[in-house]
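K.L.:
The following block contains a protein sequence and its predicted model.
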Amino acid sequence: AIAAIVREPAARPTLREYSFLQVQMRNQRAAVCCETFLSVRSSTFMTETLRSILAGTAGLDIAALAALVLTIRRVPGTTPPDFVRLGWTTLAIQSLHFVEELLAGFEGRFPLLLGLAPWPKTFFVLFNLSWIAIWAGALFTVRRSRVALFPLWFLAIAAIANGVAHPLASVAVRGYFPGLVTAPALGLAGVFLFSRLVAFTRPAAA
């Protein structure tokens, strides 16, 4: 005799197991939604931060362009000894200016004044330290390299701009604005440095 084969129906999940599966599915959906939200939020934050940095430093881009034009169109003569000393003095004041800005939260207040997102402190510190290193290197090599004049033209123009911009920002906020204390001395040093650069360079031949 052939034994009858009886197939048992698949066991249905109990109510407890079904509830557990529902909780697991909800948790998975929540995790996916959370990851998507954080990804979008991070992307938005990066976009706003990048836009803030590009817009907030546009003035420095103009200063750098002016420095590049002056470097190309003016030929240096013999570098006077007092120029290098003046350059180091300007750089020292610029360094103090950076410290004042850092301690007073310039990286947050300046972008907000322009209606932009605050800058990351890491960016602000690395940006300034990089330029301080470039300016120092230019002062060491200015007697041997015409290329070194570009950072020094930029230092002079940026120093003058700082000397004007910080008092104006203080007027706009009706109080202290980060960098105000050292800005006048920096602006004055920038004027002297710019005048000395003009003095020992001459227009390039057409």
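P.N.:
Cool, got the structure. Numbers count the residues shown, from 1 in each chain.

K.L.:
in what helix or strand does Arg202 lie?
P.N.:
For Arg202, the host element (DSSP states H and E) is strand 201-203.

K.L.:
If you count contacts, what does that strand end up packed against?
P.N.:
Packed against strand 201-203 by the contact rule (3 or more CB pairs under 8 Å, 6 or more residues apart in numbering; DSSP states H and E) you find strand 74-76. C-beta coordinates here come from the backbone N, C-alpha and C atoms, glycine included.

K.L.:
and the strand it packs on, what does it pack onto?
P.N.:
By 3+ CB pairs under 8 Å, 6+ apart, strand 74-76 packs against strand 201-203.

K.L.:
re the thing from before, tell me how far the strand holding Arg202 lies from the chain's centre.
P.N.:
33 Å (CA atoms, centre = their mean, to the nearest Å).

K.L.:
And the helices in the chain, which stretches?
P.N.:
15-56, 58-73, 81-104, 106-113, 121-141, 149-173, 183-199 (DSSP state H).

K.L.:
ok, and what's touching the strand holding Arg202?
P.N.:
The contact list for strand 201-203 (CB atoms under 8 Å, 6 or more residues apart in numbering) reads 70, 73-77, 149.

K.L.:
for those residues, which one is nearest Gly115?
P.N.:
When the contacts of strand 201-203 are compared for distance to Gly115 (CB to CB), Leu70 comes out closest, at 31.8 Å.

K.L.:
which one of the helices of the chain lies closest to Ala205?
P.N.:
helix 58-73 (10.4 Å).

K.L.:
Just want the angle from the closest one to helix 121-141.
P.N.:
20 degrees (axes from the mean of the first three to the mean of the last three CA atoms, to 10 degrees).

K.L.:
Who are the packing partners of helix 58-73?
P.N.:
By 3+ CB pairs under 8 Å, 6+ apart, helix 58-73 packs against helix 149-173.

K.L.:
Format the helices of the chain as a markdown table; extra columns: mean pLDDT and distance to Ala205.
P.N.:
Below are the helices of the chain laid out as a markdown table (pLDDT from 0 to 100; distance: least, CB to CB, whole Å):
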| stretch | mean pLDDT | distance to Ala205 |
| --- | --- | --- |
| helix 15-56 | 63 | 37 |
| helix 58-73 | 94 | 10 |
| helix 81-104 | 96 | 23 |
| helix 106-113 | 95 | 42 |
| helix 121-141 | 96 | 24 |
| helix 149-173 | 97 | 17 |
| helix 183-199 | 97 | 17 |
